[in-house]
Structures are given as structure tokens and as C-alpha cells.
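>>> pasted the sequence and its predicted model underneath.
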Amino acid sequence: MTKAEGGKAADTELKPDTKVTIGGRNPFAHHGYVNTPVYHASTLLYRTAEDFLARRSQYSYGRRGTPTSEALEKAIQEIEGSACAGVALLPSGLAAISTALLSVLSTGDHLLVSDSAYGPTRKFADSVLARYGITTTYYDPLIGAGIAGLMQPNTRAVFTEAPGSLTFEMQDIPAIAEVTHSKGAQVLMDNTWASPLYFKALEKGVDLSIQSGTKYIGGHSDLMLGTVSANKETIQRLKDTAYTMGLCVGPDDMNLGLRGLRTLSVRLAHHHQAGLTVARWLEQRPEVLRVLHPALPGNPGHVIWRRDFTGACGLFGIVLKPVPEKAVLAFLNALSLYGMGASWGGYESLAIPFDVTNYRTATKWTPGGPCLRFHIGLEDVNDLTADLERGFAALAAAK
């Protein structure tokens, strides 16, 4: 639509920049105000006893939805594309992952999870799902169509993440989806890194596309939010699971999500370009063994990224040449513009050390040196590289 819901229909398919700007908005349902009001609501009143008994109302209870939640769901559905049948909002990215998994799995089922998945995803599979009799096998993220060899008669779902958490391996999602569907199973994907602006997961064969809205949808490091976008085959069980478990998002966090969504396109474009600029700069540093960024030519995942993705974000990693731990810590402690924090996706730049050696089970992580993950924020890239220069000077002095 070009205006409010009910306005004149657009003559052509709208571009992503437009969709994030107008998606889910209905000003004339709210006295013409541009933004949907923040509904702090639990109880909804009916005009008559007959209306109550027949549940004659657009809404029924705060947990089941308000104009605020509806606006955010519709906006995300717009940018996911025509393959999206609906969206569930959850209180965090991990809640979105766990709810999506529970919506497709039952006792006795088998689950396949990428070895490079987000650490808490593994924890949920190895603890909660295991207690309920659901078995998990971890697989090499580079397996592609070879996933067929791991499918069991009771395999119900394959969990993917591209690029991989911390180590940025690229998965061939269309190939995995084709095999998975041929075996009667469903594909889930953590699509937080690219978002649906840069990777249309549902159009590539994914059944449930998950985002940590805490990251780029929020964009300001001040809210917790998760989203699951579903196709027509999975939407009802997803919605039923979220509702039955009593999961919902607070109205103020939904409002912050809506506010962040409106600038998602322009922020991601900056994160993309700034991230590549800093990554290329790091490629030239003598202290760096390699840069883990699939949008860089020569990266092992670049061919898949170039084929399937339309952009990148500001998150990537590097492997340093071997140096003592004290030198790595000196590097991090010398940085003034890079904060040290576990999240990412906000306007600020971050740098943290990581080591996944101890919990990879289907693959071996042998990087050849200490590893760092960077998130490149909205600061000037020249200031950011100058800060890294100071870090490398401290690293050299601490060797």
C-alpha cells in the first residue's frame, strides 16, 4: 500500500527501503498520527454480553495481540516477502529459537543442528530438548546437499545459521532445504546476521526464519526482542505454541522495535560498507592471519554469499597470527572506540575474543591463532581504524 492500510494499492512491488518505512503503518486508524500508539493492555472490554460470548472483537486479550504488536508483525512480514504467512514476536532471540523448535518437534523426533550455530541454541537442544526425548545431531555447516546422509526416519527439522556464529561459515541453504523437504522435514534458520533485507530466507526454502530483534531491528542496544517468520505450512503451529506457552513482548519493547525498523535499511547499508572497509583494512595488517567475512572475495563462503545474499552487516571475525594471550588482551584493552560486550547490532562498535574449540563436535576448529570478533558500528571508519592502530601497537609492545 502507498499510504495507510486501505489506501491506494501500489502499482508495482515496493522496494525494501519503502517497505521498512511504511510496513505495518495505519495512521488513519489512529486519528492520523504517523506512528502506531503504544498500547499498554491486558484486559479488553466488550460492549455487550452477546459480544463477549461470541468474541466479537478484533482483539481479545493483551497477550494475544494489540495494534502495537500487529504493526510490528505486519512490518516484518512485508520485508520477508510474499512467502511469509505471518510473524510471531518473542521476548528475546533465544526465545524465538526455542519457540520455533518446539513448534515443529515432538518427543521421539530427531533434529539436525549446524555445528556453527549460536551457542545457546546448542544448550537448548542438549538440555531442554534432550529432557523431552528429542535427539540432536550436529553437522558440518559446509555439508550442503550431503545433509541427506544424516537424515534419519524420525528427522523432523534441520536448523541452519548463515553465516555461522562467531566463525562465519556460509551454508548452502537452498541445497539443504531441497534435501530436507524431500525427506518430509522442515528447515529453520537463524537469519539475524543478514536480516530479510539481505537474505530472503523463506524464498530460499526456509520454513521458519528467526531473528534476534535485539540486534539490528532494535539497533540501539536497548531492548530484547525475537521474531519468527513462518510460511503457510508452519504458521499455525508456531502461533499456537507461542500463545500456549504464554509468550509475549512488552509494549515498550515492541515500540522500540518499530522505531528501529524504520531506519533498518539505512543503518544496515552503513554497517555493510563500514564493515567491509574495516575488514579490508585488517586483511592488510601483518598481525592478521585471515579475516572471517563472507562478503570478502577469496573468503571460503564468498561464492554462496554472492549468489544468495544482497548485502552484509557489520559483524565479522579475524584470526591473529600466534601471539601470547597477554598481547591479545593488551590489544583489546588499548581500544577506546570498541566496547567489549557479548551482543551486537547496535550503533556502537564492539570487539571480543572468542574460542569455539571446546564445543564444536562435528568439526574441528583449528584457526591457527587467537580469534577476535568485531562489530562495526556507525562511527567514522577512519577513527575506527586509527583506534585499531593503537591496539596493534599495544599488542606489539606486549609480545
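Yep, that arrived. Not measured: the values here are computed from a predicted model.
>>> buried residues in stretch 365-379, which are they?
Counting neighbours by 16 or more other CB atoms under 10 Å, one finds that the buried residues in stretch 365-379 are Trp365, Pro367, Gly369, Pro370, Cys371, Leu372, Arg373, Phe374, His375, Ile376, Gly377. Every residue, glycine included, has its C-beta placed from N, CA and C.
>>> now stretch 322-333
Within stretch 322-333, the residues scored as buried using 16+ other CB under 10 Å are Val323, Ala327, Val328, Ala330, Phe331, Leu332.
>>> and if you look at stretch 129-136?
Here stretch 129-136 shows Leu129, Ile134, Thr136 as buried, counting by 16+ other CB under 10 Å.
>>> and which of the buried residues of stretch 322-333 is nearest to Asn382?
Using CB to CB, Phe331 comes nearest to Asn382 of these, at 19.1 Å.
>>> report pLDDT for the closest one.
Listed pLDDT for Phe331 reads 98.
>>> low-confidence ranges in the chain?
In the predicted model, the chain carries pLDDT under 70 at residues 1-11.
>>> what are the boundaries of the strands in it?
86-90, 110-114, 135-139, 155-161, 186-190, 208-212, 226-230, 288-292, 315-320, 338-339, 349-354, 371-375 (DSSP state E).
>>> between these, which gets nearest to Ala177?
strand 186-190 (4.8 Å).
>>> who's in contact with Pro196?
Ile76, Ile79, Glu80, Gly81, Leu202, Ser209, Gln211, Ser229 (CB atoms under 8 Å, 6 or more residues apart in numbering).
>>> returning to that earlier point: okay if I get the buried residues of stretch 365-379 as a markdown table plus distance to Ala342?
Converted to a markdown table, the buried residues of stretch 365-379 look like this (distance: CB to CB, whole Å):
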| residue | distance to Ala342 |
| --- | --- |
| Trp365 | 19 |
| Pro367 | 20 |
| Gly369 | 22 |
| Pro370 | 18 |
| Cys371 | 15 |
| Leu372 | 14 |
| Arg373 | 10 |
| Phe374 | 13 |
| His375 | 11 |
| Ile376 | 17 |
| Gly377 | 15 |
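>>> which two among the residues you listed are spaced furthest apart?
Top of the distance list for the buried residues of stretch 365-379 (CB to CB): Trp365 and Gly377, 26.9 Å.
>>> wait, Leu101 touches Leu129, no?
Yes: taking contacts as CB atoms under 8 Å, Leu101 lies within contact range of Leu129: 6.8 Å.
>>> between these two, which contacts overlap?
With CB under 8 Å, 6+ apart as the test, Leu101 and Leu129 both reach Leu111.
>>> need the contact list for Thr385.
Listed by CB under 8 Å, 6+ apart, the contact set of Thr385 reads Val278, Trp281.
>>> how close does it sit to Leu335?
With distances taken as CB to CB, to the nearest Å, Thr385 is found 12 Å from Leu335.
>>> also Arg47?
Taking CB to CB as the measure, Arg47 falls 60 Å from Leu335.
>>> and Ala194, by the same measure?
From Ala194 to Leu335 the distance is 26 Å (CB to CB).
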